[in-house]
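> have a look at this fold, sequence not included:
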């Protein structure tokens with residue numbers, strides 16, 4: 001065409017470009033097409049008018065549905081409606097793919113849409129090529145659906161605001177991915193920056209705390225709840241000239257600002273900025289709008305979860321005390337782990353209380369339940385315990401008063417929410433290591449000895465707090481030796497992970513014994529190892545026998561008495577008392593002694609020691625009116641150790657010889673001691689007496705092979721004679737002739753079925 005000639009008509013230009021025109025009036029339900037548009041629809045190439053039904057028959061059903069969805073969106077946003085359409089023949093085969101671009105309008109009086117647009121054929125590229133991933137051509141819908149599914153799954157799994165922002169920053173949208181993201185929140189009448197991606201630290205400073213009245217796209221989105229799309233810098237500058245200088249320095253070419261709406265409330269805005277021009281077709285806008293809705297939901301969930309965690313942690317911190325000042329000669333470590341669901345707040349607690357006497361007390365408890373009510377009762381009970389202790393009451397009195405207090409605040413007229421609590425209260429003297437412990441239905445404490453041996457330490461106990469307002473709580477006293485560590489814990493540490501009390505205790509003992517020997521710097525790592533062993537990733541390798549992995553709060557306190565010198569004493573010691581009204585604790589002493597001798601070389605010697613202890617304790621309960629106090633010590637190096645056991649009572653009568661007949665059921669106690677012990681004796685005390693025996697580790701040698709007097713490291717140990725008492729000494733493999741056996745307090749013990757290989761004292765006989 002030469003210069004000056006008139007321009008060709010629009011129809012000629014469109015025909016030359018193989019582009020057809022079409023007009024759709026939804027009120028008349030008619031679609032008018034020109035010749036080229038008719039050809040593209042698979043009709044004769046001549047202008048014609050079709051009904052909506054005839055037109056719809058030429059299009060793929062999914063594409064028709066998309067057209068009807070895109071048109072109202074384009075009208076609302078004042079943009080072009082652009083879709084990709086598959087043209088079908090009568091047999092359902094795809095003839096071609098065309099792109100439709102139209103400018104829709106809405107007539108409110110007729111309540112109808114009117115569209116005038118173009119149709120142009122597009123070529124389907126090879127799958128996987130770059131063109132196949134563009135916004136208009138290729139299998140874009142399939143990639144869009146896959147992207148939205150992945151994005152929705154990732155955002156649904158995010159548990160914090162930081163995780164949500166990481167997911168949003170890593171989204172790779174099909175065909176158009178932003179290189180800059182900003183999530184705006186609202187505080188009062190100002191915008192805040194919740195998070196950003198693709199910007200340097202400090203870049204978003206000018207946009208933070210911006211007033212909502214500012215002429216800025218994000219502020220407008222929050223005010224109106226409508227999205228803002230800008231496909232070019234010129235459009236941005238024309239619409240928002242006041243804030244364009246702030247955005248110009250980032251060098252972006254297109255921007256999308258979308259509202260973050262949850263429950264009809266706009267909680268913020270999301271900006272997606274692009275380094276290249278984006279037309280923001282209806283498909284692209286639909287993807288961005290869907291991501292914005294999912295992002296808003298994820299941020300709302302994360303905000304609620306973080307508020308819940310903050311509330312829980314704040315409540316728990318306010319109720320759990322610090323361990324306070326250092327204790328001379330002792331070290332304390334504590335842990336609290338909320339492992340349950342819901343608010344993750346429960347009724348477990350621990351406390352360290354300075355006492356008027358200069359001593360200090362360790363308290364630990366577990367209120368029934370795992371809810372806010374349990375947490376509230378825990379706080380009240382902890383304060384009450386601290387008050388009773390500060391008044392100078394002994395451990396038994398502290399628990400008695402606490403039980404009465406809890407009973408009073410949980411037992412009302414309606415009896416609607418009765419609660420109880422387990423508790424252990426230990427008063428410690430830093431100077432001597434003496435512990436006085438009272439227990440209310442709580443798990444027994446455990447002792448890790450200086451040589452690494454771990455034993456559960458049985459203590460007397462009473463009912464859980466709050467059950468009986470007049471309950472009594474007996475006190476157990478023993479000494480924490482230098483290098484030993486006391487462990488107090490709630491049942492969560494024992495039972496978490498599908499364990500019962502027995503299997504859970506075995507797991508804890510293995511962790512305690514496998515840990516390096518305690519020193520001043522090691523107690524914290526020991527506490528961490530215990531928690532990780534039952535709650536961390538490694539706990540899944542030590543599941544218990546129960547079918548469900550029970551989770552519960554964990555409270556743990558470790559108290560270590562530091563060594564006086566650099567040398568760790570080669571001694572293992574335990575002390576137990578058995579009261580006259582507690583004959584059932586005789587079996588406890590047998591079990592306790594076996595744990596003390598868990599690594600003894602000769603199992604037969606262990607059986608002998610258990611039998612002798614059972615006989616000695618039973619004799620005290622049967623033949624005196626006093627309680628029995630058992631002291632057992634293991635000294636020396638492995639393979640050449642010695643065991644000394646003393647049973648002390650307040651009775652004045654010394655053992656005397658008896659001549660039991662062949663059918664007698666008692667009178668053989670001292671005979672057993674003389675036969676089985678390497679050395680033994682009876683020491684009179686100012687009040688009462690102490691009968692003792694010693695065994696020397698034989699490395700598995702049978703008793704019948706031990707020389708007279710017993711062997712300790714190759715040295716003959718003669719029997720010791722107690723002044724004014726009974727001589728010891730034994731003959732290996734034999735004893736006194738019948739009828740000449742040394743007498744003594746009658747032996748009332750008998751073998752319990754299935755318990756000790758050599759028998760043991762029966763509680764029933766006591």
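Sure, I can see it. These numbers were taken from a predicted model, which means no experiment stands behind them. Numbers count the residues shown, from 1 in each chain.
> longest helix in the protein, by residue count?
helix 282-319 (DSSP state H).
> pull out the buried positions in that helix.
282-288, 290-303, 312, 315-316, 319 (16 or more other Cβ atoms under 10 Å). No exception for glycine: its C-beta is placed from N, CA and C like everyone else's.
> immediately after that helix, which helix or strand?
strand 330-337 (DSSP states H and E).
> relative to helix 282-319, how tilted is that following strand?
140 degrees (axes from the mean of the first three to the mean of the last three Cα atoms, to 10 degrees).
> what does strand 330-337 rub up against?
316, 320, 323, 348-350, 352, 362, 428, 430, 492, 520, 523-524, 526-528, 530-531, 535, 553-562 (Cβ atoms under 8 Å, 6 or more residues apart in numbering).
> which among these count as buried?
316, 320, 348-350, 352, 362, 428, 430, 492, 523, 526-527, 530-531, 535, 553-562.
> next, count neighbours for residue 250.
Using other Cβ atoms under 10 Å, residue 250 has 14 neighbouring residues.
> roughly how far does it sit from residue 173?
According to Cβ to Cβ, to the nearest Å, residue 250 and residue 173 sit 19 Å apart.
> how about residue 651?
In this view, residue 651 and residue 173 are 89 Å apart by Cβ to Cβ.
> now residue 492
In terms of Cβ to Cβ, residue 492 sits 46 Å off from residue 173.
> residue 654 now?
Counting by Cβ to Cβ, the gap from residue 654 to residue 173 is 95 Å.
> now residue 274
10 Å.
> quick one: pLDDT of residue 142?
In the prediction, the pLDDT value recorded for residue 142 is 55.
> element containing the closest residue to residue 331 other than its chain neighbours, please.
Excluding the flanking residues, the one nearest residue 331 by Cβ to Cβ, 6 or more residues apart in numbering is residue 560, at 4.7 Å. Under the criterion of DSSP H and E, residue 560 resides in strand 554-561.
> so which elements touch that strand?
strand 330-337, strand 348-354, strand 360-367, strand 485-489, helix 491-495, helix 523-535 (3 or more Cβ pairs under 8 Å, 6 or more residues apart in numbering; DSSP states H and E).
> run through the stretch 51-200 of the chain and note the low-pLDDT ranges.
123-144, 172, 174-176 (pLDDT under 70).
> give me the buried positions along stretch 586-593.
Applying 16+ other Cβ under 10 Å to stretch 586-593 flags 586-587, 589-590, 592-593 as buried.
> so which of those residues are in helices?
Among the buried residues of stretch 586-593, the residues falling in helices (DSSP H) are 586-587, 589-590, 592-593.
> ok, of those, which one's closest to residue 47?
residue 592 (104.7 Å; Cβ to Cβ).
> check whether residue 614 sits in a helix, strand or coil.
helix (DSSP: H, G, I helix; E, B strand; the rest coil).
> my understanding was that it contacts residue 589; is that so?
Yes: Residue 614 lies in contact with residue 589 (Cβ atoms under 8 Å); the separation is 7.3 Å.
> mutual contacts of those two, please.
With Cβ under 8 Å, 6+ apart, residue 614 and residue 589 have no common neighbours.
> and stretch 229-240, how far out from the chain middle?
Centroid separation between stretch 229-240 and its chain, computed with Cα atoms, centre = their mean, to the nearest Å, is 50 Å.
> swap in stretch 103-112?
Distance, centroid of stretch 103-112 to centroid of chain: 59 Å (Cα atoms, centre = their mean).
> can you pull out the strands in the stretch 101-250 of the chain?
112-122, 180-187, 190-197, 228-230 (DSSP state E, counting those that start in this stretch).
> so for residue 409, which of the ones you listed sits nearest?
Closest of those to residue 409 is strand 180-187, at 40.7 Å (criterion: Cβ to Cβ).
> which other helices and strands contact the closest one?
Using 3+ Cβ pairs under 8 Å, 6+ apart: strand 180-187 touches helix 161-169, strand 190-197, helix 217-224, strand 265-274.
> just want the angle from that strand to strand 265-274.
160 degrees.
> most tightly packed of the strands of the stretch 101-250 of the chain?
Each of the strands of the stretch 101-250 of the chain was scored by mean neighbour count; the highest is strand 228-230, a mean of 22, by mean count of other Cβ atoms under 10 Å.
> quickly run through the sheet partners of that one, with directions.
strand 254-262 (antiparallel) (DSSP bridges).
> list the contacts of the partner strand.
178, 183, 217-218, 220-222, 225-232, 236, 247, 266-274, 276-278, 280, 285, 288-289, 292-293, 295-297, 299-300.
> picking that back up, okay, the strands of the stretch 101-250 of the chain in TSV with distance to residue 481 next?
TSV is the format used below for the strands of the stretch 101-250 of the chain (distance: least, Cβ to Cβ, whole Å):
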stretch	distance to residue 481
strand 112-122	88
strand 180-187	59
strand 190-197	56
strand 228-230	75
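> contacts only, for the closest residue to residue 236 other than its chain neighbours.
Nearest residue to residue 236 in three dimensions, chain neighbours excluded: residue 230, at 4.6 Å (Cβ to Cβ, 6+ apart). Residue 230 makes contact with 217, 236, 239, 254-256 under the criterion Cβ under 8 Å, 6+ apart.
> out of the residues you listed, which are buried?
217, 236, 254-256.
> okay if I get these as JSON lines plus distance to residue 166 and pLDDT?
Converted to JSON lines, these look like this (distance: Cβ to Cβ, whole Å; pLDDT from 0 to 100):
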{"residue": "217", "distance to residue 166": "24", "pLDDT": "93"}
{"residue": "236", "distance to residue 166": "28", "pLDDT": "93"}
{"residue": "254", "distance to residue 166": "24", "pLDDT": "91"}
{"residue": "255", "distance to residue 166": "22", "pLDDT": "93"}
{"residue": "256", "distance to residue 166": "20", "pLDDT": "93"}
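> now the strand holding residue 560: mean pLDDT?
Taken as a whole, strand 554-561 carries a mean pLDDT of 92.
> next: stretch 681-692.
The average pLDDT for stretch 681-692 rounds to 85.
> now do the end-to-end distance for it.
Counting by Cα to Cα, to the nearest Å, you get 6 Å between the two ends of stretch 681-692.
> buried stuff in it?
Those would be 681-683, 688-692, for stretch 681-692 by 16+ other Cβ under 10 Å.
> repeat that for stretch 391-405.
Going by neighbour count (16+ other Cβ under 10 Å), the buried part of stretch 391-405 is 393, 395-405.
> what about that stretch, distance to the chain center?
33 Å.
> same question for stretch 289-301.
28 Å.
> any chance you could list what contacts it?
148, 151-152, 155-156, 158, 161, 164, 167-168, 171, 173, 183, 194, 227, 258-262, 267-268, 270.
> quick one, which of these are buried?
Buried by 16+ other Cβ under 10 Å: 148, 151-152, 155, 158, 161, 164, 167-168, 171, 173, 183, 194, 227, 258-262, 267-268, 270, out of these.
> ok, residue 73 touching residue 285?
Yes: in this structure, residue 73 is within contact of residue 285 by Cβ under 8 Å, at 6.9 Å.
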